[in-house]
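> need a structure here:
(one chain, ligands or ions: 1)
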Amino acid sequence: MEEIATLEREILAAIGGAADEQALEAARIAVLGKKGSVAELMKGLGAMSPEERKTQGPLLNGLKDRVTEALLRRRDALKETALDARLAAETVDVTLPVRPEMRGTIHPVRHVYDEVIQIFGDLGFAVAEGPHIEDDFYNFTALNIPPEHPARQEHDTFYLRERADGTRKVLRTHTSPVQIRTMMAQQPPIRIIAPGRTFRSDSDQTHTPMFHQIEGLVIDETTHLGHLKWVLEEFCKAFFEVDKVKMRFRASHFPFTEPSMEVDIGYARDGAQIRIGEGDSWLEILGSGMVHPKVLSASGVDPDRYQGFAFGMGLDRIAMLKYGIPDLRAFFEADLRWLRHYGFSALDLPTLAGGLS
Ligand code: DAH
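Residues are numbered from 1 along each chain as shown. Below is the predicted model:
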């Protein structure tokens, strides 16, 4: 009896003194393991008389229960201490200033992308997307540019390797294939924009092999050229943040629209400053027109019931114009000095209410 009480005090002291989970496990084995002190006492029960066993049995079982309980409690406590120590070691002081060399900026193209989405979103347009590696059908044929059509040469297309069936995929040369994909996937009324990357084998001060466009498409029963003009004017006013814009609509030709127009925007250059809506310099920013009936048919839209307009705008160009950036190639050179100069704060997301630029 006395012996058991002493043993218990010793065991509990050992458990309480275990400094980590490893030490605790060693203490557990020393007590409850096959050759542990309590296990050895239990073994002695067999040699006792039935009377002795009656008193010693419950005593030993009680001891075992209390020891087990103490082990579990100590384990929990150690786990908690270990976690606290880890949390303390991993503390980050979020009030410390950001290290200056880690400061990044949002690329002007990405910023303009977000501005354009905000403006057209406000006009009720949804954003649609399509793949960069495109089927010839979507990039050309469905847009009324059949094989051998001269417009194919104008596009300086990057072709992928010919496949077993003789077809070749292309890097999309414009965002117009998204028009086809959208019309095939949904019935009118349709009102979408499709911003994204486009690719042409062309490189000089105003052309890069990869550039950005934004496509627009509106299809309904009564949509007409006046709607197109209004949408483009509203867009330009909002984008360039001016009350009045000077726009010039020139008759043009695209295989996928009839009639077709190119749109120039008027500006004045004042040193490095560019003023939109003043002066008499013009920059072409987009192609547009009424969607050709053949394009509607190729996309499964009934041309006797539906009509609409489309436009394709150079995103890099309007970025250059708005932010007075002279050389297109610098956009894609990843020069940190350039990015710091022309980039935008990651916290300044453009919104119509809060201001775009
Ligand atoms: N896809 C033409 C290009 O890249 C631009 C364009 C012109 C798009 C007229 C249109 C459009 O949607 O109607 O040169």
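> how deep is the residue nearest to M290 when sequence neighbours are not counted tucked in, by neighbour count?
Leaving aside its chain neighbours, M290 sits nearest to F309 (5.4 Å; criterion: C-beta to C-beta, 6 or more residues apart in numbering). All C-beta spots, glycine's among them, are computed from the backbone N, C-alpha and C. Neighbour count of F309, defined by other C-beta atoms under 10 Å: 24.
> How is F309 classified with respect to secondary structure?
Put simply, F309 is strand when judged by DSSP: H, G, I helix; E, B strand; the rest coil.
> Likewise for E162?
coil.
> residues in contact with it?
The neighbours of E162, taking C-beta atoms under 8 Å, 6 or more residues apart in numbering as the test, are R168.
> Look at the residue most central in space within the chain and give its secondary structure.
Geometric centre of the chain, nearest residue: R110, 11.4 Å, by C-alpha atoms, centre = their mean. Secondary structure assignment for R110 (three-state DSSP): helix.
> Close to the ligand: what parts of the protein are there?
With C-beta under 6 Å from any ligand atom as the criterion, the chain comes near the ligand at residues H174, S176, E215, F254, T257, G287, S288, G289, A310, F311, G312.
> Show me which pair in the residues you listed is furthest apart.
Using C-beta to C-beta, the residues of the chain next to the ligand span at most 13.7 Å, a distance reached by H174 and G289.
> Which residue ranges of the stretch 1-150 of the chain form strands?
In the stretch 1-150 of the chain, the strands defined using DSSP state E, counting those that start in this stretch lie at 126-127, 133-134.
> Same check on the stretch 201-350 of the chain?
Counting by DSSP E, counting those that start in this stretch, the stretch 201-350 of the chain has strands at residues 210-220, 247-254, 257-270, 273-276, 281-291, 307-314.
> quick one: contacts of stretch 55-65?
Stretch 55-65 is contacted from outside by M1, I4, L7, E8, L32, V38, L41, M42, L45, M48, using C-beta under 8 Å, 6+ apart.
> How far off centre is it?
Chain-centre distance of stretch 55-65: 65 Å, with C-alpha atoms, centre = their mean, to the nearest Å.
> Just the buried subset of the contacts of stretch 55-65, written out for ChimeraX, thanks.
Typed into ChimeraX, the line below selects the buried ones among the contacts of stretch 55-65, using 16 or more other C-beta atoms under 10 Å:
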select :7,8,32,38,41,42
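> show me the contacts for the closest residue in space to D122 that isn't next to it in sequence.
Once flanking residues are discounted, D122 sits nearest to L352: 5.5 Å by C-beta to C-beta, 6+ apart. Contact partners of L352, counting by C-beta under 8 Å, 6+ apart, are Q118, I119, D122, A238.
> Now which of those residues would you call buried?
Here, 16+ other C-beta under 10 Å leaves Q118, I119, A238 buried among the contacts of L352.
> what mean pLDDT would you report for the longest helix seen in the chain?
The single longest helix within the chain, with elements called by DSSP state H, is helix 50-89. Here helix 50-89 scores 90 as its mean pLDDT.
> next one: stretch 296-308
For stretch 296-308, mean pLDDT rounds to 97.
> So what touches that stretch?
Here stretch 296-308 has contacts from 141-144, 179-180, 183-184, 187-188, 190, 217-224, 290-291, 293-294, using C-beta under 8 Å, 6+ apart.
> next one: stretch 38-50
Residues from elsewhere that reach stretch 38-50 (C-beta under 8 Å, 6+ apart): 4, 7, 11, 31-33, 53, 56-57, 60, 63-64, 67.
> So which of those wins on neighbours?
Result: V31 is most packed of the contacts of stretch 38-50 (other C-beta under 10 Å), 25 neighbours.
> Hmm, V67 and that one touching each other?
Yes. Using C-beta atoms under 8 Å as the test, V31 is close enough to V67 to be in contact (5.7 Å).
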